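fold the following for me, if possible:
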Amino acid sequence: KTAFKVTGKKAGKSTKVTVKVTVKGKKKATKLTLKVKVTKAKKASKSKTTAAPAASATPAASAAASATPAASAPASNAPASNAPTSATPAPTSPVESAPATTTPDVTPEPEKTYDPEKADLNVALTAEKATTFSTNGEYGQVTFNEDGTVSFSSQPTAMAKDDDGNVTDKVKDVSVYNNGLGFILGETAEDQVDVSDYQYVSLRIKTEAEVKLMTWAGGDDANNFWDKSDTWGNTTAVVENADGSKTIVYEVKTAYGKKANKAKAIGFTLKSDDTAKGDDSDPGVAREATLYSIAFSNKIPEAVKPSEPTATPVIETISLDLTATSKTMKSDVTPADGVFPYTGQYQSVFFDIPEDINLAQVTKAIIKADVPKQISFTLWNNTLDQNADSWWSKKSFTAFVTYPFYGGSCTARKDDGGFGGDQGEETLTYDIAPNWTVAGNGGYFSIGSNQKVEEGDGAYKILSVELVIDHSKATIKDVVEPEVTPAPATEAPSAAPSTEPSAAPSTEPSVAPSTEPSEAPVVTAEPETKDPEV
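Sure, this is the predicted structure:
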C-alpha cells in the first residue's frame with residue numbers, strides 16, 4: 001500500500017495520479033495512471049525501513065516482477081478507469097551493503113613562518129631600474145628627484161594613434177585605470193627574484209588618488225605594461241605618516257600568488273576621476289604622486305615621525321664670518337667688502353671663532369684670497385689676552401700659524417710652493433696638527449700683512465676662510481700647558497738652543513718686531529702648500 005501526497009484537492013474528492021514504475025530487467029519505465037481518492041492526511045509517524053536480505057528474492061518473485069502490471073491484476077470486465085485505488089508496487093531488488101571506505105590521513109600543511117630579523121629588500125627607484133613603459137611616455141610621466149624620490153603624473157606624453165595605427169598630432173588621453181610605472185627587481189628585466197621569504201611588500205607614497213599595485217613574475221614580460229597582475233585593495237595595512245604620505249602594505253602572497261619565488265618587477269597605477277570614461281569623449285583626469293620607497297619586509301613599517309633637525313655630519317666644513325671684526329680683540333685696520341686695507345707690514349685684523357667650534361676638532365683651514373704678497377694666518381685659542389706682555393709671541397695663546405701665498409696668490413702654484421702662473425685667486429689648504437694649545441671652544445683668528453706694503457701692490461682681497469671640523473674627535477674643554485719633567489743633571493741637551501731674538505714690537509699695538517725683516521718670508525722654510533681640498 002502506497003500513499004501519495006496530493007496538493008490542491010479537497011479531502012473526499014477523487015483525482016488521477018500518474019506514476020512511473022521501473023521493472024527489473026526492463027530498460028524502459030512503465031507509466032501507470034491511477035485514480036485515487038483524496039483523504040485527509042494523517043500525522044506522519046517515523047517508520048523504520050529494514051532492507052530485505054538477499055535470500056528473500058525468490059525465482060517466483062522474479063517471475064512475478066517480469067509480468068506486466070495488467071497481468072498482475074485480477075481479471076475484470078470493468079474499464080481501466082475502475083482500477084483499484086492502490087497498486088501493488090514492483091518487488092524491491094536486493095540491497096547490497098556499500099563497501100567500507102577509508103578516509104586518507106591528510107595532515108594539513110603547516111602555516112609558513114617568516115623570519116622577523118630578515119633584512120628588508122629595498123627596490124631601487126632609479127632610472128636604470130625603471131621598466132621601459134615607465135619612461136617612454138605611453139603611460140605617464142616620471143621624474144627622478146635628487147633626494148631619491150620619484151614624481152609621477154598619469155598624463156602621458158606620447159602621441160596618440162588612430163585606428164590604423166598611425167601617429168596623430170594629439171597627446172594620448174589619460175586612462176582611468178591604466179597609467180603607471182614599474183621597477184625591475186633583478187639586474188635585468190628577465191631576472192627572477194625569490195621574494196617568497198618576505199611576508200609584506202609596502203609602498204610609501206603621497207597622493208590623493210586611489211592606488212593599484214602591479215606585479216610581474218614568471219613568464220611575464222616586465223617591460224610590457226599589459227603583462228601585469230593587478231591588486232585593487234586587499235591591503236594588510238595603511239600607515240599614515242606625519243609628512244602626509246602613506247605606507248600601503250600588502251601580503252606578498254596576495255601580490256604575487258604562487259609566483260613569489262619568480263618575481264620580476266613591481267609598480268603601481270593611479271586611478272583617475274571616478275566619473276570619467278577614459279575615452280576620447282571623456283578622458284580621465286591626470287593624477288600625481290610622489291613615491292618614497294618600495295620595500296619587501298617581514299614587519300609592518302612604523303609611521304614616519306615628524307622630521308627632526310638634521311644630524312650634524314661627522315665631517316663638517318664651516319665658513320667663518322669675514323664681515324664683522326672681533327669686538328674683544330683690537331685690529332689694526334677694518335676690512336670692507338672683502339678688501340683688507342693694509343698700509344704697513346705686520347698689520348692684523350682679528351675675527352671671532354664661533355663658540356660652538358671646539359678647536360680640538362678642527363683638522364684643516366682653507367683660505368681663498370687674491371693678494372699681491374704673502375700674508376699671515378693665525379688661529380688663537382680662547383685664552384688670548386692682548387694685554388699680556390709679548391702676547392703675539394706667547395706660545396700658550398697660539399693654536400696654529402701659517403704664512404700663505406708666498407710671492408702673492410697665483411694661478412699655478414709650483415710643486416715646491418713657489419709662485420707660478422699669473423697673479424690671481426688661489427685657494428690653499430693647511431692641516432692643523434693636534435697640540436695642547438689647540439683646545440677650548442671659540443677663540444679668534446687673524447689675517448695679517450707679512451711683508452712691506454708698497455704703492456702699486458694692489459688690494460689684499462680675502463675671499464673666504466673655512467675650517468674643517470671632525471666631530472668624531474674628542475673635544476678638549478680647556479687649554480692646559482703640560483708639565484715638563486726636568487732632565488737629569490747628567491744628561492746633556494742634544495743641541496744647545498740658539499739665543500732667542502726679542503719679539504717685542506717697536507710700537508704698539510701692532511704685532512711688528514723691533515727689527516725690520518727682509519723681503520724674504522718670516523719662516524725660513526717655504527710654506528706648506530697643498531691643493532685645495534674639495
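
so what's the nearest residue to residue 170 once chain neighbours are set aside up against?
Ranked by Cβ to Cβ, 6 or more residues apart in numbering and with sequence neighbours excluded, the top spatial neighbour of residue 170 is residue 160, at 4.8 Å. The C-beta positions use only the backbone N, C-alpha and C, and glycine is treated the same way. Contacts for residue 160 (Cβ atoms under 8 Å, 6 or more residues apart in numbering) come out as 167, 168, 170, 171, 172, 173.

mind running it again at 10 Å?
166, 167, 168, 169, 170, 171, 172, 173, 280 (Cβ atoms under 10 Å, 6 or more residues apart in numbering).

secondary structure class for the fourth one?
Yep, that's residue 169 we're talking about. At residue 169, secondary structure determined by DSSP: H, G, I helix; E, B strand; the rest coil is strand.

that one touches residue 159, doesn't it?
Yes: counting by Cβ atoms under 10 Å, residue 169 does reach residue 159; the two are 6.8 Å apart.

if we go by neighbour counts, what in stretch 142-159 is buried?
The neighbour-count check on stretch 142-159 (16 or more other Cβ atoms under 10 Å) flags 142, 149, 150, 152, 153, 154, 155, 156 as buried.

pLDDT below threshold where in the stretch 101-250 of the chain?
101-109 (pLDDT under 70).

now do the strands in it.
Taking DSSP state E, counting those that start in this stretch to define them, one finds strands in the stretch 101-250 of the chain at 121-122, 141-144, 150-153, 159-161, 167-171, 180-184, 200-206, 211-217, 229-232, 237-240, 246-251.

can you list the strands that the last one pairs with?
Here the strand partners of strand 246-251, with direction, are listed using DSSP bridges: strand 200-206 (antiparallel), strand 237-240 (antiparallel).

ok, now the second one?
Each strand paired with strand 141-144, and its direction, by DSSP bridges: strand 150-153 (antiparallel).

got the CA coordinates for the partner strand in CSV?
The C-alpha trace of strand 150-153 is given here as CSV (Å, rounded to 0.1, in the frame of the first residue of the first chain):
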residue,chain,number,x,y,z
VAL,A,150,60.2,59.6,-7.8
SER,A,151,57.5,62.0,-9.0
PHE,A,152,54.8,60.6,-11.3
SER,A,153,51.9,62.0,-13.3
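
got the contact list for it?
125-127, 130, 134, 139-145, 174, 179-181, 183, 205-207, 267-270, 286-294.

let's see it at 8 Å
125, 140-145, 180-181, 270, 286-291.

where's residue 139 relative to residue 437, distance?
66 Å (Cβ to Cβ, to the nearest Å).

more neighbours: which of the two?
Taking other Cβ atoms under 10 Å, residue 139 and residue 437 do not tie; residue 139 has more neighbours (26 against 21).

how about the strands of the stretch 301-450 of the chain, start to end?
Using DSSP E, counting those that start in this stretch, strands in the stretch 301-450 of the chain cover 315-319, 339-340, 348-358, 362-370, 375-380, 398-402, 426-431, 441-449.

nearest to residue 461, of those strands?
Proximity to residue 461, assessed across the strands of the stretch 301-450 of the chain by Cβ to Cβ, is greatest for strand 362-370 (4.3 Å).

what mean pLDDT does the closest one have?
In this model, strand 362-370 has a mean pLDDT of 96.

which helices and strands sit right next to it?
strand 375-380, strand 426-431, strand 460-470 (3 or more Cβ pairs under 8 Å, 6 or more residues apart in numbering; DSSP states H and E).

buried deepest among those, which one?
strand 375-380 (a mean of 23; mean count of other Cβ atoms under 10 Å).

list the helices and strands that one packs on?
Checking 3+ Cβ pairs under 8 Å, 6+ apart, strand 375-380 ends up next to strand 348-358, strand 362-370, strand 398-402, strand 441-449, strand 460-470.

average pLDDT across the first one?
Model confidence over strand 348-358 averages 96 on the pLDDT scale.

hmm, who's touching that strand?
318, 320-322, 324-335, 340, 359, 376, 378-379, 439-449, 467, 469, 475-476, 510-511.

and those residues, which are buried?
Buried subset of the contacts of strand 348-358 (neighbour count, 16+ other Cβ under 10 Å): 322, 325-326, 329, 331-333, 335, 340, 359, 376, 378-379, 439-441, 443-449, 467, 469, 476, 510-511.

about what we covered before: which one of the contacts of strand 150-153 is nearest to residue 215?
residue 180 (11.7 Å).

out of the buried residues of stretch 142-159, which one sits closest to residue 427?
residue 149 (34.6 Å).

return the most buried member of the strands paired with strand 246-251.
strand 200-206 (a mean of 22).

send me that strand as PDB with only the CA atoms.
The C-alpha trace of strand 200-206 is given here as PDB (Å, rounded to 0.1, in the frame of the first residue of the first chain):
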ATOM      1  CA  TYR A 200      54.900  42.000   3.200                       C
ATOM      2  CA  VAL A 201      55.600  44.400   0.500                       C
ATOM      3  CA  SER A 202      54.900  48.100   1.100                       C
ATOM      4  CA  LEU A 203      54.700  51.300  -0.900                       C
ATOM      5  CA  ARG A 204      55.300  54.600   0.800                       C
ATOM      6  CA  ILE A 205      53.600  57.200  -1.500                       C
ATOM      7  CA  LYS A 206      52.000  60.600  -1.300                       C
END
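
just want the angle from it to strand 211-217.
With axes from the mean of the first three to the mean of the last three Cα atoms, to 10 degrees applied, the angle from strand 200-206 to strand 211-217 works out at 140 degrees.

list the contacts of stretch 418-435.
In contact with stretch 418-435 (Cβ under 8 Å, 6+ apart) are residues 360, 362-370, 372, 377, 379, 399-400, 402, 404-414, 438, 458, 463, 526, 528-533.

can you turn the buried part of these into a PyMOL selection?
In PyMOL syntax, the buried subset of these is picked out as below (16+ other Cβ under 10 Å):
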select buried, resi 360+362+363+364+365+366+367+368+369+370+372+377+379+399+400+402+404+405+406+407+408+409+410+413+438+529
